[in-house]
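Asks: model this:
(one chain, ligands or ions: 1)
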Amino acid sequence: MKKRDFIKNISLAGMAVTSLSFPLTLNATGHLKSAGASYNEGDFWLRIREDYILKPEYINLENGYYNIIPQPTLKKYLEHIAHVNKEGAFYMRGVQEENKARINARLAKFVGCAETELILTRNTTESLDLIISGYPWQEGDEAIMAHQDYGAMLNMFKQVSKRAGMVNKLVDIPQDPISDEELVALYESQITSRTKLLMICHMVNITGHILPVCKICDMAHTHGVEVMVDGAHCIGHINVNIEELHCDYYGSSLHKWVAAPLGVGMLYINKNKISKLWPLFAESITEQDNILRLNHTGTHPVHTHLAIADALDYLELIGIERKEERLRHLQRYWSEQLREVESIKIFTPTQVHRSCAIANVGVIGIPATELAKILLEEYSVFTVGIDNAGVNGCRITPNVYTTTVELDHFVASMKSIAAGV
Ligand SMILES: Cc1ncc(COP(=O)(O)O)c(C=O)c1O
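Replies: This next block holds a predicted model:
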């Protein structure tokens, strides 16, 4: 279906949505209920979609960069901006720190760690670069990471290697592993007596591949090696309990799947590892094991921190298990229809538990950026083309507002492109 038909169909879908107006509320047992109306699971997600203002010109399947925020969170966020602006320095000198600590505690509970092991940052880059640059490297120390890791972190390791003389070793993550043990053995094969730190993605951003974090951490610890986890895509996307992962460091961006406003992230540091790190910006706090010693950033947008609580309210109203299940369903819905199609290649593991919302698909013979251009210009589907580290396809990332009608259009578009090569 090309552009003209698509726009006609999407407006019909919009009419169906507007007939489902009911507020989201919790009943006494904490389950979602509608005020007066009964609804099935499909209606529930259409109701969620009502909370988003979406551009009608294209279907947005690029929600991996950041999640646009739903209207209830946006409304609260704008109120926080107005409030802080009205109070000015009175707010900053008064309740700023108290509010930040309260939000930090709420987030710690959500991600499953102690509030004394968690700080708010601007994003995953700041969180993980703080660890990489603040680690007490000695010349000849080694770190292990993957070609499929995020560029900003790989660049920071390169910089630290130049400054401190430490050595970086890279592995290649297989696209479709047969077992967790295969992945554990891959990382273990690079460990030597000089290895200090291992970086792993919880979810690889270019393919959506979810790694067996706990098993890799347990293996690394038997060799005395610490593990830093890049969880940019996981908090608010899949059900994460940091303590259960056994990692030493965990960074994430809350403007991704928590759907907080742009510019907030988090960093978990195991309590026994805090004291050895150098901060990015020097702090006056002198107790070595106080995590706040690593959290000096100067004046920053505090209203954005306030909106984290609203984003968590919205997320908890949906329920993280329900959200994870829905996102995985949406991904499998389209990817299973395309896996066996001639000329189409999926760059995401086949086993269900190894991915969630994100997957990557290419058409053999068409460069990824060209495919993204065709999808947008000829089929009104917005994605991102990725040609890197063994991947040559478009990253497809639905969100909570995505419908199967939209995915049907995407599947038909891909089949038609593949048939033309
Ligand atoms: C795996 C991974 N790590 C880190 C980042 C950096 O996130 P941010 O730009 O929010 O710091 C991203 C961004 O997409 C990512 O995909």
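
Asks: What is the end-to-end distance of stretch 146-156?
Replies: Taking C-alpha to C-alpha, to the nearest Å, stretch 146-156 runs 14 Å from one end to the other.

Asks: Also stretch 316-325?
Replies: 14 Å.

Asks: Now that stretch: average pLDDT?
Replies: Mean per-residue pLDDT for stretch 316-325: 96.

Asks: And stretch 169-187, by the same measure?
Replies: 97.

Asks: Who are the packing partners of the longest helix belonging to the chain?
Replies: In terms of residue count, the longest helix belonging to the chain (DSSP state H) is helix 320-338. Helices and strands touching helix 320-338, by 3 or more C-beta pairs under 8 Å, 6 or more residues apart in numbering; DSSP states H and E, are strand 344-346, strand 359-363, strand 391-396, helix 404-419. All C-beta spots, glycine's among them, are computed from the backbone N, C-alpha and C.

Asks: List the contacts of that helix.
Replies: Here helix 320-338 makes contact (C-beta atoms under 8 Å, 6 or more residues apart in numbering) with 45, 208, 236-239, 315, 344, 346, 348, 352, 355-359, 361, 396, 398-400, 402, 404, 407, 410-411, 414-415.

Asks: how about the residues of the protein near the ligand?
Replies: The chain has residues 123, 124, 125, 150, 152, 201, 205, 230, 232, 233, 253 near the ligand, with proximity defined as C-beta under 6 Å from any ligand atom.

Asks: Residue 72 and the ligand: what is the separation?
Replies: 23 Å (C-beta to the nearest ligand atom, to the nearest Å).

Asks: I'd say that residue and residue 314 touch.
Replies: Yes. Judged on C-beta atoms under 8 Å, residue 72 makes contact with residue 314 at a distance of 6.0 Å.

Asks: how many other residues sit next to the residue of the stretch 251-400 of the chain found nearest the ligand?
Replies: The minimum distance from the stretch 251-400 of the chain to the ligand, using C-beta to the nearest ligand atom, falls at residue 253 (3.4 Å). The tally of other residues near residue 253 (other C-beta atoms under 10 Å) stands at 30.

Asks: phi, psi of it?
Replies: phi -110, psi 120 (degrees, to the nearest 10).

Asks: Isn't it up against residue 123?
Replies: Yes. Assessed by C-beta under 8 Å, residue 253 is found in contact with residue 123 at 4.7 Å.

Asks: Report the set of residues contacting both of those two.
Replies: Joint contacts of residue 253 and residue 123 (C-beta under 8 Å, 6+ apart) are 264, 265.

Asks: Just give the nearest non-adjacent residue to residue 267, would you?
Replies: Closest residue to residue 267 apart from its sequence neighbours, by C-beta to C-beta, 6 or more residues apart in numbering: residue 127 at 3.7 Å.

Asks: Give the helix, strand or coil label for that neighbour.
Replies: At residue 127 the chain is in helix, as set by DSSP: H, G, I helix; E, B strand; the rest coil.

Asks: can you offset everything so residue one is 14?
Replies: OK, 14 is where the count begins now, so the last one is residue 140.

Asks: Could you pull up the contacting residues of it?
Replies: Counted by C-beta under 8 Å, 6+ apart, residue 140 has contacts 134, 264, 265, 278, 279, 280.

Asks: Which of those residues ranks first by neighbour count?
Replies: residue 265 leads the contacts of residue 140 on contacts (other C-beta under 10 Å) with 32 neighbours.

Asks: For that residue, name its beta-bridge partners.
Replies: Applying DSSP bridges to residue 265 gives these bridge partners: residue 279.

Asks: Any figure for the gap between the residue nearest to residue 143 when sequence neighbours are not counted and residue 308?
Replies: Spatially, and ignoring its direct neighbours in sequence, residue 143 is nearest to residue 293 (5.1 Å; C-beta to C-beta, 6+ apart). Noted for residue 293: a distance of 9 Å to residue 308, by C-beta to C-beta, to the nearest Å.

Asks: Looking at the two, which one has more neighbours?
Replies: The neighbour count for residue 293 versus residue 308, taken as other C-beta under 10 Å, is higher for residue 308 (20 against 17).

Asks: gap between stretch 178-194 and the chain center?
Replies: Mean-position distance between stretch 178-194 and its chain equals 20 Å (C-alpha atoms, centre = their mean, to the nearest Å).

Asks: Grab the CA positions of it and hand them over as PDB.
Replies: The C-alpha trace of stretch 178-194 is given here as PDB (Å, rounded to 0.1, in the frame of the first residue of the first chain):
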ATOM      1  CA  GLY A 178      47.900   2.800  28.500                       C
ATOM      2  CA  MET A 179      45.200   0.200  29.200                       C
ATOM      3  CA  VAL A 180      44.300  -2.300  26.500                       C
ATOM      4  CA  ASN A 181      40.900  -2.800  24.900                       C
ATOM      5  CA  LYS A 182      39.900  -6.300  23.500                       C
ATOM      6  CA  LEU A 183      36.800  -6.700  21.300                       C
ATOM      7  CA  VAL A 184      34.600  -9.700  20.700                       C
ATOM      8  CA  ASP A 185      31.900 -10.200  18.000                       C
ATOM      9  CA  ILE A 186      28.500 -11.100  19.300                       C
ATOM     10  CA  PRO A 187      26.900 -13.900  17.200                       C
ATOM     11  CA  GLN A 188      23.700 -12.900  15.600                       C
ATOM     12  CA  ASP A 189      21.700 -16.000  16.500                       C
ATOM     13  CA  PRO A 190      23.300 -17.800  19.500                       C
ATOM     14  CA  ILE A 191      22.100 -21.300  20.300                       C
ATOM     15  CA  SER A 192      22.700 -20.900  24.000                       C
ATOM     16  CA  ASP A 193      23.600 -18.500  26.800                       C
ATOM     17  CA  GLU A 194      26.700 -20.600  27.400                       C
END
